[in-house]
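Participant: coords please:
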Amino acid sequence: MTPYDWETYSIVVMPFGYPNGGMENPQITFMSPSIIKAGKEAIDVAVHEIAHSWFGNLITCGNWSHTWLNEGFTVFMERKIIKEHYGEIYFNESAYIGMEELKKVMKKHSKAPALNDQEDFKKLLCFSDRISPEFCFTRVQYEKGFALVYKLEVIFTFLV
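Facilitator: As a prediction, this is how the structure comes out:
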C-alpha cells in the first residue's frame, strides 16, 4: 500500500449546520457534529475521508465527469480498511447496504417522467457538460465505482 504522503492528519468538528458529513483536504478533514454523534457510522465517514488522502488528494479525476474515480476507489479503500479492523462480515454488509442504496437511486430515476434526461443520473460517468457537477455526487458514482473496482480486484486476483 502507498504510505500516507502528508505529515499529519487531523479531524476538525465543525459547528452545527455544517452542510457536509465530511470534507477532506490534505492533512485535515472537516466533520459535521451530527456524524460524530452517530457512533459507528462516524468511523466509516472518517475512514472514507482519510482514504481520500490517496484517492482525491494524491490521485484525482481530471474533471467532474469522472467523479467515480475519486469516490469509487475511496469507497473501495474505505471498505478494505474497515474489513481489516472489523472483518469480512462488516465488509460484506457495507457492500450490500451500498448496493441496496444504489438500487433505490436507480429505481427512482427510472420512474422519472423525462427518462432520457434521467439516464445521465444512472451512469458511472457523470457528464457535467449536460448536468450540474453537484449531481455527480450520488450513490451511483460511489457504489457503481466501488463495484467496478471490486470486480477488477476479483478478476486480477483470479488471474494471478
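Participant: this protein: strands as residue ranges?
Facilitator: Ranges of strands in the chain, per DSSP state E, are 10-13, 22-25, 28-31.
Participant: export those to a markdown table and append columns for mean pLDDT, mean neighbour count and distance to S53.
Facilitator: Just so you know, the C-beta spots here come from the backbone N, C-alpha and C atoms, and that holds for glycine as well. Output for the strands of the chain, formatted as a markdown table (pLDDT from 0 to 100; neighbours: other Cβ atoms under 10 Å; distance: least, Cβ to Cβ, whole Å):
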| stretch | mean pLDDT | mean neighbour count | distance to S53 |
| --- | --- | --- | --- |
| strand 10-13 | 88 | 13 | 12 |
| strand 22-25 | 84 | 19 | 7 |
| strand 28-31 | 87 | 18 | 9 |
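Participant: just how off-centre is the helix ranked longest in the chain within its chain?
Facilitator: Of all the segments of type helix in the chain, defined by DSSP state H, the longest one is helix 88-110. Distance of helix 88-110 from its chain centroid, counting by Cα atoms, centre = their mean, to the nearest Å, is 12 Å.
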